[in-house]
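Peer 1: what's the 3D shape of this:
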Amino acid sequence: MHGTPGKRIAWPHTLAAKGQGALRAGHLRFMREAPRGGVLHCFVLDCSGSMLGGQRLALAKGLLVALFDHASAARAEAALICFGGAGADVRFGPAVPRWWNERWLSPVGGGGGTPLSAGIQRASRLLERSARRKPAQQRWLWILTDGRTRDTPVRPLDVDEVVFVDFEREALRLGRCEVLADAWGARRCTPEELMG
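Peer 2: From the prediction side, this is the model:
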């Protein structure tokens, strides 16, 4: 949830990467600079029936609280779109989440199918409006899902960074988050990687 790599060297991280050897170009780490037009983090939360298994939806909600807190501290805008059952709807934003807390997420329930395409289409419209309103703004799309769907949505045009947070835990994995992330040129991570 940081900005783009800057030109100033982050010496503590650079020296940690260097270790005991001689300093090489590959060791250099740079400070992140906040984009001049601000940042929007659009979170798309899978509320389908498959997310109820293994407390995945509860874990996703906890992670969202932390991500919204981080966005608020950075004075970034955030938006939340929930999808499940037959459709998708915007639950928050885009706005700076000044008073965000877990009580906002507790009424979000789960069940039904996984209309990932509906969630992405709703996010695409929100990101498009944001791009018209604030063209210099950097836009991030976070998709929190277990990927248990056959939908193959198209990557939204008005987004700078996409992150798939993969909640799939089954022994027999479908690997849909990985497939979509590869197709979109996006990052894929687990909730544990984000929280750790």
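
Peer 1: centroid-wise, who is the farthest residue in this structure?
Peer 2: When distances are taken from the C-alpha mean of the chain, Ala22 lies farthest, 36.6 Å away, according to C-alpha atoms, centre = their mean.

Peer 1: and that residue, helix, strand or coil?
Peer 2: Taking DSSP: H, G, I helix; E, B strand; the rest coil as the rule, one finds Ala22 in the coil state.

Peer 1: backbone phi and psi for it, please?
Peer 2: Geometry field for Ala22 lists phi and psi as phi -70, psi 150, criterion degrees, to the nearest 10.

Peer 1: surely Ala131 is in a strand?
Peer 2: No - secondary structure assignment places Ala131 outside any strand; it is helix (three-state DSSP).

Peer 1: leaving out sequence neighbours, find the closest residue to Leu40.
Peer 2: Once flanking residues are discounted, Leu40 sits nearest to Glu77: 4.4 Å by C-beta to C-beta, 6 or more residues apart in numbering. From N, CA and C alone the C-beta is placed, and that goes for glycine too.

Peer 1: roughly how far apart are the residue positioned nearest the centre of the chain and Gly119?
Peer 2: Centre of the chain computed as the mean C-alpha position; nearest residue by C-alpha atoms, centre = their mean is Trp142, 1.9 Å away. According to C-beta to C-beta, to the nearest Å, Trp142 stands 11 Å off from Gly119.

Peer 1: and for those two, which residues touch both?
Peer 2: Taking C-beta atoms under 8 Å, 6 or more residues apart in numbering as the contact criterion, the common neighbours of Trp142 and Gly119 are Val44.

Peer 1: so in terms of bridging, what pairs with the residue nearest to the centre of the chain?
Peer 2: On the basis of DSSP bridges, Trp142 is bridged to Phe43, Val163.
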